[in-house]
Structures are given as C-alpha cells and as structure tokens.
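> What shape does this take:
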Amino acid sequence: MKIIEEAKSKINISLNLTGKKENNFHQLLSFICFSNFSDQLILTKSDFFDYETHSPFQKIPRKDDLVLKTIDTIKKYLKITDLPPFKLVLKKNIPLGSGLGGGSADSAALIRLLNNFLDLNLSTQDMINLGAEIGSDVPACIISKPLIAHGRGEKIIELNYKNTYDLLIIYPQINISTKEIFDSINARDFSDKNLVEIKDWIESNSDINSDDFYKKFSNDLQNIAVKKYPVISDILYTLNKKNAIFSAMTGSGSACFGVFNQKEIDLAANYFKKNFSDWIIKKTKLNDF
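Down below sits the predicted model:
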C-alpha cells in the first residue's frame, strides 16, 4: 500500500495587517493561491514507524519539524499514545524560510494523508481546526485552493476563483525568520480591510486577465523585508522589467513571484538562471488543480 500526497506551495497574492497582536499573533487578511511547486509525502505500511526526509536543504531540527508536530497533535486528538505503524518519506523541494509555506503545506498534506490512511472521517472543517493547533498557515494549506485567510490566518473563506497562470518563483537563498519580520511591525503598518468587499471584488472581477486585477493587492510585509534585505526589491524590479503581469514577495519572504503570460515567462526564467545560478528559480503553474 502506498499513498502519495502533494504539499503545494502557498502564494500570498496579498497580505494585509489589520490589527494589533492578540495572544502574540497579528491579525491579518490574505488572498492566497497555490502553485504546483510542491513537496511530496509518501506513506507506506510498515512494521514500525519510520520517517525520512529527502532534501537538498539543511536538516530541519526535530523541535521545528511540523511533520513530527502534526503526528503528535493527531495522537492527542485521537487520545492515543501511538498510531498504527507506517513509513513516511518527505520529498522536500520548497525551501525553508522562503514565505512559501513549505512546513505548513507538509503538515496539511500529512493531515489529509492520515485522514485517509487511518479512516478518520475528518471533515474539511475538522482538519482545519486540527491544523490551526499546529500553525497559522496550516488551515489554508489544508484547502490548497484560492481563499481568503483572516484572523491570525486560521479562518478560511474559499473563493470562486479558477484562473490559472504561469508563475515564476525566485528564491535568493535567504532564509528569513517570520518572527523577525513580524517583530518589526508597528501600528502604522495596519490597514482597514473589508473582508466581504474583497471577496466580492475578487469573484466578480476574476475574468480580468491583466494587471488591472492584481494592482488592487499588496503585501504589507514586503517593505519591512526589503529594508532588511534589499535584494528583494531588485528581484521585483527585474520581474517587472521582464514583463510580469504582477510581482510581489510572498508571505514574510524572501521568495518572490511573477505572474506571466506564457510567451514571456521563459525569457524571464532564462535571465535569472543565467545571472543567479545559485538561486532557486522555478517555473510553475498557479491554481492548476
């Protein structure tokens, strides 16, 4: 028996800070889509528990490994000390500290995987609630389709938004701590956003296939990250010069993305690969489900 689950990378089309900290979390509102740049979890039956990570990146410290935290959370949810044995392999492609939500995507994929493997019969909302105990981005990654996340990120509203785009992801090999960026926020970074109006606007204007759609969106963390890591600004400038329909940093960075027309994306990808061979440069699809 083998079960495979994809963990898609999270792309914050917008991320706006809407309020002060509550219980150490900032309040936010984010329009999120997902790309085919993914990690992969593979589960097979085994006589004992085994967990392997295949990754070009530095090994994740056990205390920070959301896969292990997810297993512990599910055991607590089920009120048992051990799960039936299985072997789990994580094929890690999404870089750490990039703002692409790789750890959260892995956690969410494992919740879906174990729901299947263990016949838990968890509803989507059950899985979202479980994910919220693990991390703020996990609920969105449970869905892995266009949505608005709000609160501290754990509240989800799915969107009727089916547009598919060519996407270029640029990661300049800078691991940014989310805590570092959020600790730099002050009151002037907050903005009022009407959740219902934004949902209605996205859904009623989803037929617009140009920057007229995207120019409504912004990432309030981007300017904070740029002050600390100016290369982010250089990446965005270059994406725009290479005719991106829209470009932004995702999450708390440092990965940036450009939405492109198909005929333009190869020229942009080749430029970055030629000039920044040590960066991660990934051509992929947005909302290809």
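> Mind jotting down where the strands sit in the chain?
Counting by DSSP state E, the chain has strands at residues 2-12, 16-22, 25-45, 50-54, 86-91, 147-151, 155-158, 165-171, 246-249, 256-260, 280-286.
> Worst mean pLDDT among these?
With a mean of 81, strand 16-22 has the lowest mean pLDDT of the strands of the chain.
> Give me the angle between that strand and strand 147-151.
30 degrees (axes from the mean of the first three to the mean of the last three Cα atoms, to 10 degrees).
> report the angle between the axes of strand 16-22 and strand 25-45?
100 degrees.
> Which parts of the protein are helices?
66-78, 102-117, 124-132, 138-143, 178-182, 195-204, 211-214, 222-228, 231-241, 262-275 (DSSP state H).
> in terms of contact, does residue 288 touch residue 163 like I think?
No. If you go by Cβ atoms under 8 Å, residue 288 and residue 163 don't touch, sitting 10.4 Å apart. No exception for glycine: its C-beta is placed from N, CA and C like everyone else's.
> Go through the helix or strand bottoming out on mean pLDDT in the chain and flag the buried ones.
Across the helices and strands of the chain, mean pLDDT, DSSP states H and E gives its lowest value to strand 16-22, namely a mean of 81. By 16 or more other Cβ atoms under 10 Å, the buried positions in strand 16-22 come out as 16-19.
> likewise stretch 225-238?
Buried residues in stretch 225-238 (16+ other Cβ under 10 Å): 225-226, 229, 231-233, 235-236, 238.
> Just the residues contacting that stretch, thanks.
170, 172, 174, 176, 180-181, 184, 222, 247-249, 252-254, 256, 268, 271-272 (Cβ atoms under 8 Å, 6 or more residues apart in numbering).
> ok, 7 Å please
170, 172, 174, 176, 181, 247, 249, 252-254, 256 (Cβ atoms under 7 Å, 6 or more residues apart in numbering).
> Could you let me know which of those residues ends up closest to residue 211?
residue 247 (9.9 Å; Cβ to Cβ).
> count of residues packed around that closest one?
23 (other Cβ atoms under 10 Å).
> still on that earlier bit, among the strands of the chain, which is the most enclosed?
Comparing the strands of the chain by mean neighbour count (mean count of other Cβ atoms under 10 Å), strand 256-260 comes out on top with a mean of 27.
> Return the list of helices and strands in contact with that strand.
strand 165-171, helix 231-241, strand 246-249 (3 or more Cβ pairs under 7 Å, 6 or more residues apart in numbering; DSSP states H and E).
> and these as CSV, adding distance to residue 54?
As requested, the helices and strands packed on strand 256-260 are exported to CSV (distance: least, Cβ to Cβ, whole Å):
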stretch, distance to residue 54
strand 165-171, 19
helix 231-241, 28
strand 246-249, 28
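> returning to that earlier point: tell me which two of the buried residues of strand 16-22 sit farthest apart.
16 and 19 (10.4 Å).
> Any idea which of the strands of the chain gets closest to residue 215?
strand 246-249 (7.5 Å).
> which helices and strands does that closest one pack with?
Using 3+ Cβ pairs under 7 Å, 6+ apart, the elements in contact with strand 246-249 are helix 222-228, helix 231-241, strand 256-260.
> Between those, which one is closest to residue 86.
strand 256-260 (34.3 Å).
> Work out the sheet partners of the closest one and label each with its direction, please.
Its sheet considered, strand 256-260 pairs with strand 165-171 (antiparallel), strand 246-249 (antiparallel) by DSSP bridges.
> Between helix 195-204 and the least confident helix or strand of the chain, find me the angle.
150 degrees.
> Show me what strand 16-22 is in contact with.
Counting by Cβ under 7 Å, 6+ apart, 26-29, 185, 189-193, 218, 220 sit against strand 16-22.
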